[in-house]
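Novice: after the sequence you'll find the predicted model.
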Amino acid sequence: MVVNISHGPRPAAAYEAGSNLTNLSVQDPVEILLNRESRFLQPLWDLRLGYEDYLQSPLFPIFLSVFYYFGLCIPFTLIDVFCKNQKWYKNYKIQPDKEITAAQFWDTLLLTFWNHVLFIMPAAAAQWVWTPTSPLPELAPTLFDFVWHQIAALFIFDFQYYVWHMTHHKIRFLYRHIHAVHHRYNSPFVWVTQYLHPWELVVTGFLTTTNTWFFDSHPLTVWSYMIISITFSVEDHTGFDFPFSLHNLDPTGNFGGSPKHDMHHQKPLTNFEPFFNHFDRMFGSFCPPMGPGGTKSKALLDYERKIKECKKNF
């Protein structure tokens, strides 16, 4: 799961350096104009004009991540509340026999609310007081930098969280006192995404927030990365396997998506990686996911048979 707590503004010069603009200066208007016209993302970046005072505020990334998270959760909440008796709902639900109750909604929403009030809001206030605003760069990032910075940050987070996650499952003290909060529900629904112990909230927020710092990423890249990482994290916890789900759109088969993470909640010692599959496959912690409607693939049936045989032999 991903929680974006804050992101301090980076110096405009650093963003430009990350975009190979170290030789440009405000004294080169012709060269800057030529670069503007050659940048694919420049029209999108120019939408900031007139709103700079808001966008360069240290509070903007926090508001963006919080409002986007809640906005993304609402449609899935409506589906769980109003569509649970419809046939298509059961067909696409990964665990169709598990009903989400009003008490579960209230429990997860209440903890999410207090996490934001007691931890995210103070972090936002501290950032507003102690972090100075920084002018936004004139130029948009190159399309190449925009894409590869986000991909690299996602893979870095995947490794970081894989290690953190596996450690909190293998060490019983850490699991019992920290990560067990997130595993209260073995059938995830959307509000389980940030149903977290405060320590996990802080750690995942810090890791997600700082990964783009490695590349001195442009603000537009950072904001897009925040949106994408939140989308991946929420999608992991929806409990649905729709045809348009992210893992079904990935031709490489390396994206785990909601079925894989749903299986982690059913079998907690498997599928530690949050977004992708490569580390779980590499280190033997991958479990084939359950399909829509609770269907079990041949790979999952073979996996469960091998586990049973190993337990018998042990």
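Specialist: It's in. Note that the structure is a prediction, hence the values are computed from the model and not measured.
Novice: ok, Ser297 - contacts?
Specialist: If you count contacts by CB atoms under 8 Å, 6 or more residues apart in numbering, Ser297 has them with 288-291. In short, each C-beta sits where N, CA and C put it, glycine included.
Novice: please enumerate the strands of the stretch 201-314 of the chain.
Specialist: In the stretch 201-314 of the chain, no segments count as strands under DSSP state E, counting those that start in this stretch.
Novice: now for the contacts of Ser297, which sits with the most neighbours around it?
Specialist: Ranked by the number of neighbours (other CB atoms under 10 Å), the contacts of Ser297 place Pro289 first, at 25 neighbours.
Novice: can you check the pLDDT for it?
Specialist: With respect to pLDDT, Pro289 scores 95.
Novice: check Thr209 too.
Specialist: 86.
Novice: what is the neighbour count of it?
Specialist: Neighbour tally, Thr209, other CB under 10 Å: 24.
Novice: sorry, back to before: between the contacts of Ser297, which is closest to His218?
Specialist: Within the contacts of Ser297, the smallest distance to His218 is 35.4 Å, found for Pro289 (CB to CB).
Novice: is it true that the closest one touches Lys260?
Specialist: Yes - the pair Pro289 / Lys260 is scored as a contact, 4.7 Å apart, by CB atoms under 8 Å.
Novice: hang on, the earlier thing: which one of the contacts of Ser297 is nearest to Pro251?
Specialist: Nearest to Pro251 among the contacts of Ser297, with distances taken as CB to CB, is Pro289, at 17.5 Å.
Novice: and the gap between the residue lying closest to that closest one once chain neighbours are set aside and Gly293?
Specialist: Closest residue in space to Pro289, ignoring its immediate chain neighbours: Pro259 at 3.4 Å, by CB to CB, 6 or more residues apart in numbering. According to CB to CB, to the nearest Å, Pro259 and Gly293 sit 11 Å apart.
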